[in-house]
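Q: got a predicted structure here, sequence first:
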Amino acid sequence: MAKIRITGGEWRSRLVKVTEAPGLRPTPDRVRETLFNWLGQDLTGLSCLDLFAGSGILGFEAASRGARPVVFVERDAKVFRILDENTRILNPTCFERVCSDALKFAPFAIGQGRRFDLILLDPPYRQGWLDKLWPLLTELAADGGRIYVEAEMAVDPPAPWQVVKSGRAGQVFYHLLERA
């Protein structure tokens with residue numbers, strides 16, 4: 001089983017396990033470092049939703065920098081088991097773990113009045129997830145909330161979202177969105 005390293009914050013240099021699964025591709029170190037340079041190194045007081053958690057590395061990076069709670073949503077049971085194990089090793093009290101489909105969780109969370117300051121989206125490529133989620137994101141994001149998106153191509157989000165920062169690493173396009 002592979003391991004990846006948390007790049008900053010309280011758990012800097014800690015390793016987390018990553019299982020192999022079709023389409024699972026943890027965000028590279030360099031991209032994570034860029035994201036958290038954009039967001040800042042102190043996320044204390046911010047709630048975070050890692051909607052396609054996979055390895056959970058983006059959510060672990062946010063929690064390592066103080067985000068609470070960090071909610072992981074992952075639909076693959078095998079991947080979820082390893083994610084759950086990693087959360088229990090690091091700090092089980094700052095994480096919520098949900099084994100569910102993103103399109104089922106998002107409306108449920110909205111119905112419960114949940115809003116998140118930071119939403120992390122790294123969905124499987126070429127499956128149309130972003131097009132399905134755009135209508136839900138405005139209600140899921142807190143006022144002043146930001147969304148991080150990884151995709152196989154540059155994204156052009158619908159209103160009210162706009163890309164405020166973006167980059168590319170190999171075949172990965174990454175973006176930070178804010179309300180216009």
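A: Ah, there it is. Everything numeric here is computed off the predicted structure, so don't read it as measured data.

Q: look up how far Arg68 lies from Glu178.
A: Glu178 is 21 Å from Arg68, where distance means Cβ to Cβ, to the nearest Å. Any C-beta I mention is one placed from the backbone N, CA and C, and that applies to glycine too.

Q: now Arg25
A: 27 Å.

Q: can you map out the helices along the chain?
A: Ranges of helices within the chain are 29-39, 57-64, 77-90, 102-111, 129-140, based on DSSP state H.

Q: would you turn the ones you listed into TSV with mean pLDDT?
A: Compiled in TSV, the helices of the chain are given as follows (pLDDT from 0 to 100):
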stretch	mean pLDDT
helix 29-39	96
helix 57-64	98
helix 77-90	96
helix 102-111	98
helix 129-140	96
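
Q: for Leu15, find the nearest of these.
A: helix 77-90 (9.4 Å; Cβ to Cβ).

Q: buried sites along the closest one?
A: Residues of helix 77-90 classed as buried: Val79, Phe80, Ile82, Leu83, Asp84, Asn86, Thr87, Leu90 (neighbour count, 16 or more other Cβ atoms under 10 Å).

Q: ok, how many other residues are close to the closest residue to Arg68 other than its chain neighbours?
A: Once flanking residues are discounted, Arg68 sits nearest to Cys94: 5.0 Å by Cβ to Cβ, 6 or more residues apart in numbering. Neighbourhood size, Cys94 [other Cβ atoms under 10 Å]: 17.
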